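# Predicted model follows, preceded by the sequence.
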Amino acid sequence: MSAVADNGAAAANSVPLLSASELKVDFKLPGAKAPLRAVDGVSFEIGRREIFGLIGESGSGKSTIARAIMQLTPVSSGEVVLGGMRLDRLRGRELRRQRQRVQMVFQDPHDALDPRMTVRQAIEEPLRAGNRGSRADLDDRVTDLLHRVDLDDSYLDRKPHTMSGGQKQRVNIARALALEPELLVCDEAVSSLDVSVRAGIINLLADLQRDLDISVLFISHDLGVVAHLADRIGVLYLGRLAEIAPAGSLLARPRHPYTEALLAAEPEPVPSTRRVSRPPVIAGEMPSAASPPSGCRFRTRCRYVQELCGTQEPPLQRVDRDTLVACHFADKLQLTGRRA
């Protein structure tokens, strides 16, 4: 049974909104004989009205998965199904029509906005492209969207250079919601913002998801941020999923050594004078996706590594009702969760 089929009961509903099955994405490198496989057989589902978090280090393939779902990056093999529709098979007008159902908030709020456009024009643009109503309808819709992201009418005629990073990202979120998508893909949507601003954007996304009954794919390298927002979390390492679990159980009892390492690397919210020195749980750098290790991809950095890890790649399989793990010894290891 595939991981997607096996994971069906863990999704928010029995019929998921989005299903990615054995997703693979290759990139051709100049002078290289073989392509670089940035995403290698990733499978997961997102239920309706669910927030699914995807976490991993830089270079793990998170943004490539987001772009593959949006069909901004070609899928080498596998399936991307949104509400019963195979997005990876669509082209041209039908792809543009179906893409209205899934919208994206990008990492850099500055680059995502045209500096020549006012806020009104930026939010209007997708509405005009989608033929969503008359002039009066557009004005009302733009104003409503602006209010939904907690900005008032005074922002309508402002241009990006007059706004802060957090205000720009709120405009980007409003624009992404303009076509009333079923799924919102947030690719590192708060990573470039000041720490003081991030909480406001995270809380805004949680409120919007609840009020609009939409699903969210929230991608980040910060486990603490993802855990605050997501219902379930997928942990990505070197193009493959290491673990999928409900956020609470993943924090309390990680089942994959890489998840344990991510939790151990979280900064402690206590003064430095009161912190307890602990040995590192993970060492070294993530290997290159152009030449991944044999067997388990995490074995070169895993403190629990055994001979089997170098010869056989562990499949992503169920270890309890809601958790999938790609580790040969997931049922034997007693890993440490988030520190109290």
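That came in fine, so what should we check first? Residues are numbered from 1 along each chain as shown.

# And the nearest residue to residue 283 once chain neighbours are set aside, how far from residue 258?
Of all residues not flanking residue 283 in the chain, residue 301 sits nearest, at 6.1 Å (CB to CB, 6 or more residues apart in numbering). Where C-beta positions appear, they are placed from N, C-alpha and C, glycine not excepted. Distance from residue 301 to residue 258, counting by CB to CB, to the nearest Å: 8 Å.

# For those two, work out which one has more neighbours and name it.
Using other CB atoms under 10 Å, the more surrounded residue of residue 301 and residue 258 is residue 258, with 27 against 19.

# Next up, identify which helix or strand the more buried one is on.
In this structure, residue 258 sits in helix 257-264 according to DSSP states H and E.

# rounded to a whole number, what's the mean pLDDT of whatever helix or strand comes next after that helix?
Sequence-wise, the next helix or strand downstream of helix 257-264 (DSSP H and E) is helix 307-311. The pLDDT scores in helix 307-311 average 96.

# Just the CA trace of helix 307-311, in CSV.
Taking C-alpha atoms only, helix 307-311 is exported to CSV below (Å, rounded to 0.1, in the frame of the first residue of the first chain):
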residue,chain,number,x,y,z
GLU,A,307,24.7,-1.4,9.4
LEU,A,308,21.2,-1.9,8.0
CYS,A,309,20.8,1.9,7.5
GLY,A,310,23.5,1.9,4.9
THR,A,311,22.2,-0.9,2.8
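
# In that helix, which residues are buried?
residue 309 (16 or more other CB atoms under 10 Å).

# Show me what it packs onto, helices and strands only.
Using 3 or more CB pairs under 8 Å, 6 or more residues apart in numbering; DSSP states H and E as the contact test, no helix or strand touches helix 307-311.

# Residue 154 versus residue 223, what's the distance?
Using CB to CB, we find residue 223 at a distance of 37 Å from residue 154.

# Reduced to three states, what does residue 242 come out as?
strand (DSSP: H, G, I helix; E, B strand; the rest coil).

# my read: it touches residue 325, true?
Yes - with contacts counted by CB atoms under 8 Å, residue 242 reaches residue 325, the gap being 7.2 Å.

# Spell out which residues are contacts of both of these two.
residue 256 (CB atoms under 8 Å, 6 or more residues apart in numbering).

# quick one on the thing from earlier: and for residue 301 and residue 258, which residues touch both?
Common neighbours of residue 301 and residue 258 (CB under 8 Å, 6+ apart) are residue 282.

# ok so, going back, could you check the pLDDT of the residue nearest to residue 283?
94.

# My guess is it contacts residue 262. True?
No - if you go by CB under 8 Å, residue 301 and residue 262 don't touch, sitting 11.7 Å apart.

# correct me, but residue 149 touches residue 201?
No - using CB under 8 Å, residue 149 is not in contact with residue 201; the gap is 9.3 Å.

# Now do the shared contacts for the two.
Joint contacts of residue 149 and residue 201 (CB under 8 Å, 6+ apart) are 170, 173.
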